[in-house]
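**Student:** requesting a structural model of the entry that follows:
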Amino acid sequence: MSFWDPILALFSLPRPKRRRAFELDEDIYRSLQEMALQEQRRASDLANDLLAEALEGRRVTQESLEFWHILSRREQEVAALVCLGYTSPQVAARLSISPETVKSHVGNILEKGQLRNRQELRALFAGWDFSRWE
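**Tutor:** Residues are numbered from 1 along each chain as shown. I've put the predicted structure just below:
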């Protein structure tokens, strides 16, 4: 308990948010300082925003990975080719299945991911490397 706790309690004031500190690599610190100067912001505000962005990106990546793992192997193949921009007939030819089967797989993928269309599927996996399926 700090010196301020009883005073804050007396006036029914909330405790201020604690600021956390951590060490940065020297190169990262210099880059952060340069960016903050360019953006005319405090380095601590920029660091908080960058960290929040990184955490959100990691959360989205984790959700994408979890979704990927609920797909069957064939659905993964179809999803990868769709994300690479292949049409249903092209996916069918590549996987030696009918275009109707491709459409069925795509429908199942979209349903499992609660996605509305192929564009949302591509957006979900944007940045993923599907080159092994090319």
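
**Student:** put the alpha carbons of stretch 31-40 into PDB.
**Tutor:** Extracted as PDB, the C-alpha positions of stretch 31-40 are listed here (Å, rounded to 0.1, in the frame of the first residue of the first chain):
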ATOM      1  CA  SER A  31      14.300   3.900 -34.100                       C
ATOM      2  CA  LEU A  32      11.500   4.700 -31.700                       C
ATOM      3  CA  GLN A  33      13.000   8.100 -30.900                       C
ATOM      4  CA  GLU A  34      13.400   8.900 -34.600                       C
ATOM      5  CA  MET A  35       9.800   7.900 -35.400                       C
ATOM      6  CA  ALA A  36       8.400   9.900 -32.500                       C
ATOM      7  CA  LEU A  37      10.400  12.900 -33.700                       C
ATOM      8  CA  GLN A  38       9.100  12.500 -37.200                       C
ATOM      9  CA  GLU A  39       5.500  12.100 -36.000                       C
ATOM     10  CA  GLN A  40       5.900  14.900 -33.400                       C
END
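
**Student:** which strands and helices lie in contact with the longest helix along the chain?
**Tutor:** Looking only at the chain and at elements set by DSSP state H, the helix with the highest residue count is helix 43-70. Judged by 3 or more CB pairs under 8 Å, 6 or more residues apart in numbering; DSSP states H and E, helix 43-70 is in contact with helix 26-39. For the C-beta atoms, the positions are set from N, CA and C on the backbone; glycine is no exception.

**Student:** how about the helix it packs on: buried residues?
**Tutor:** In terms of neighbour count (16 or more other CB atoms under 10 Å), helix 26-39 has its buried residues at 32, 36.

**Student:** now that helix: average pLDDT?
**Tutor:** Confidence for helix 26-39, expressed as mean pLDDT, is 93.

**Student:** that older thread, list the buried residues of the longest helix of the chain.
**Tutor:** Within helix 43-70, the residues scored as buried using 16+ other CB under 10 Å are 43, 46-47, 64, 67-68.

**Student:** can you put those in TSV and add pLDDT and distance to Glu100?
**Tutor:** As requested, the buried residues of helix 43-70 are exported to TSV (pLDDT from 0 to 100; distance: CB to CB, whole Å):
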residue	pLDDT	distance to Glu100
Ala43	90	57
Leu46	90	52
Ala47	89	52
Ser64	93	27
Phe67	96	24
Trp68	97	24
